[in-house]
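1. okay, sequence plus prediction incoming.
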Amino acid sequence: LDFLSTPTRNVPDRHRSLRAAFEQSWKLLTLAEQEVLRKLSVFRGGFRREAASQVVGASIPVLASLLDKSLLRVSATGRFDRHPLMYQFAQEKLAECPEELAQMQEKHGMYFFDFIQENSEEVRTERQLEIKKAFAEDLENIKVAWQWGVANERVNKVKQAVFPLDAYFRDSLQEAVDFLNIAISSLSEDKPEHHAALGYALVSKAYYQSLIGHHDEAQTSAQRGSALLEPLEEVQGVLEGLNVRAYLQVRKGNFAEGKKPYEACLRLARKHDLPYYVASAITGLAIVSKDVDPLSQSKQSFRECIAELRKIGDLISLSTSLLCYGFLFIMIGEPHKAQPLMEESLELQQKMGYLGATPYTINGLGFISLLKGEYGQAQHVFEEAKSVADNIGDLYVKGVALASLAIVVTYQGDLKAAEDYLLQSL
């Protein structure tokens, strides 16, 4: 604001700098307009009228007046924003009133924690895509609220926000790790009141780390988080910890070790009547089954899981179970049974905007083409899976896609290309 000024002498003082121009405009505002504009600077990245009303107490007439004076702007979707320099100026005005600043930060933080909590019960229903978009729209405000909650030790609010935010972060893996690290670096294992929030953040971080390919770090995070949560009997946190520990073993090929936490997850989920976690554990057990008749048991497990997920309306988890069921048929050489499962899975992922599992599903469709002897189509599909995995930062499935491409070009007789793909995969 001070940098943007003119040395020219024959101009009015109010035109000598941008700050002077803003100060002149500020003086022309009513006290109510000054108060609202000042308090609105607590929002980052814009806001909706409902939020302005509840956090700041902004009335429609005052918002309309600020719009008329070009001090606010509104998008076609009804979202308010302001010029970055006006935002800076209003922030400075709010900072001049420390008590008011602290009050606004608290109201803003509580509003967005409540916003997350209000949507938490439906993040695994048909509203998943709607909630994901709402979280994405207010992500900057959510980050500010999260930092405020951590700094002010609102640990219960922090804990309650961890898992619902997966609706947004499941497609932004490194961003999720960075976000969770804000809490993990500030909360302390030496403070018992921090244990639940810290445990939730650690087991959630472990999941994202595993997708990025940081398996050892993920194992450490999962163990630390579970150790904090199990004595507290934090059921959801314990279930998430069991899931991620099992998932890490499966990723390493240790199916027998993965089976134990999945079985524990299933027992606990059934005890507390939590259908999502029941379905998740059944899917995991179907994958790792090593019993006498694993094929028939796995098929039955998948059918139970898919029926349960359709019943509760969790379309994202349904897409994952369909994907895993499809891979079961790929492994036994029945691509005609796998294809409709994979296609429904991909359709659901595209409908819900769920990129997290999309490269796995595309990879599955590539294997179907490969089993059919359609090598050109398989190569095209595996390249697409690699590209999507690269975009979301999932190194594991990118490596699988590269190894799959090596198989395709081997069938086509290009051993040099196969070697190149395998080296990239490693």
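-> Done, it's in.
2. residue 63 and residue 335: what is the separation?
-> According to CB to CB, to the nearest Å, residue 63 and residue 335 sit 58 Å apart. Backbone N, C-alpha and C define where each C-beta goes, glycine included.
3. give the contact list for the spatially most central residue of the chain.
-> Centroid-nearest residue in the chain: residue 169, 1.2 Å away (criterion: CA atoms, centre = their mean). By CB atoms under 8 Å, 6 or more residues apart in numbering, residue 169 lies in contact with 175-176, 179, 208.
4. filter those down to the ones in strands?
-> Secondary structure from DSSP state E places none of these in strands.
5. mark which of those are buried, thanks.
-> By neighbour count, with 16 or more other CB atoms under 10 Å, the contacts of residue 169 hold 176, 179, 208 as buried.
6. now pLDDT and distance to residue 163 too, for these, in JSON lines please.
-> Shown next, in JSON lines, are the buried ones among the contacts of residue 169 (pLDDT from 0 to 100; distance: CB to CB, whole Å):
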{"residue": "176", "pLDDT": "94", "distance to residue 163": "12"}
{"residue": "179", "pLDDT": "96", "distance to residue 163": "13"}
{"residue": "208", "pLDDT": "91", "distance to residue 163": "12"}
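7. and the residues you listed, which of them are in helices?
-> 176, 179, 208 (DSSP state H).
8. can I get those residues in JSON lines with distance to residue 28?
-> Shown next, in JSON lines, are those (distance: CB to CB, whole Å):
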{"residue": "176", "distance to residue 28": "45"}
{"residue": "179", "distance to residue 28": "41"}
{"residue": "208", "distance to residue 28": "49"}
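9. coming back round to it: can you tell me which of the contacts of residue 169 is nearest residue 58?
-> Nearest to residue 58, judged by CB to CB, of the contacts of residue 169 is residue 179 at 28.4 Å.
10. show the contacting residues for that closest one.
-> So residue 179 contacts 143, 146, 165, 169 (CB under 8 Å, 6+ apart).
11. and the residues you listed, which is the shakiest by pLDDT?
-> Of all the contacts of residue 179, residue 169 has the smallest pLDDT value, namely 86.
12. after the helix or strand hosting residue 410, next one along is what?
-> For residue 410, the host element (DSSP states H and E) is helix 395-411. Heading C-terminal from helix 395-411, the first helix or strand you meet, by DSSP H and E, is helix 415-425.
13. contact partners of that next one?
-> Applying CB under 8 Å, 6+ apart, the set of residues contacting helix 415-425 is 399-400, 402-403, 405-407, 409-410.
14. possible to save the contacts of residue 169 as a markdown table with distance to residue 106?
-> Below are the contacts of residue 169 laid out as a markdown table (distance: CB to CB, whole Å):
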| residue | distance to residue 106 |
| --- | --- |
| 175 | 26 |
| 176 | 26 |
| 179 | 21 |
| 208 | 29 |
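15. chain center to the lengthiest helix in the chain: distance?
-> Scanning the chain for the longest helix, with DSSP H as the assignment, gives helix 98-120. Relative to the centre of its chain, helix 98-120 is centred 20 Å away, using CA atoms, centre = their mean, to the nearest Å.
16. mind jotting down where the helices sit in the stretch 101-250 of the chain?
-> Per DSSP state H, counting those that start in this stretch, the stretch 101-250 of the chain carries helices over the ranges 128-137, 139-151, 155-162, 166-169, 173-184, 195-212, 215-229, 235-251.
17. relative to residue 288, which of these is closest?
-> Once the helices of the stretch 101-250 of the chain are compared by CB to CB, helix 235-251 is nearest, at 6.2 Å.
18. identify all contacting residues around that closest one.
-> 159, 163, 196, 199-200, 203-204, 206-207, 210, 215, 218-219, 222-223, 225-226, 229-230, 255, 257-262, 264-265, 268-269, 272, 274, 277, 280-281, 284, 287-288, 396.
19. what do you get for stretch 147-166?
-> 105-106, 108-110, 113, 116-117, 119-120, 123, 131, 135, 142, 146, 176, 179-180, 182-183, 186-187, 193-194, 196-197, 200-201, 204, 236-237, 240.
20. now swap in stretch 33-45 and tell me
-> 26, 29, 47, 51-52, 55-58, 62-63, 65-66, 71-72, 80-82, 87, 90-91, 93-94, 97, 100-101, 104-105, 107-108, 138-141, 143-144.
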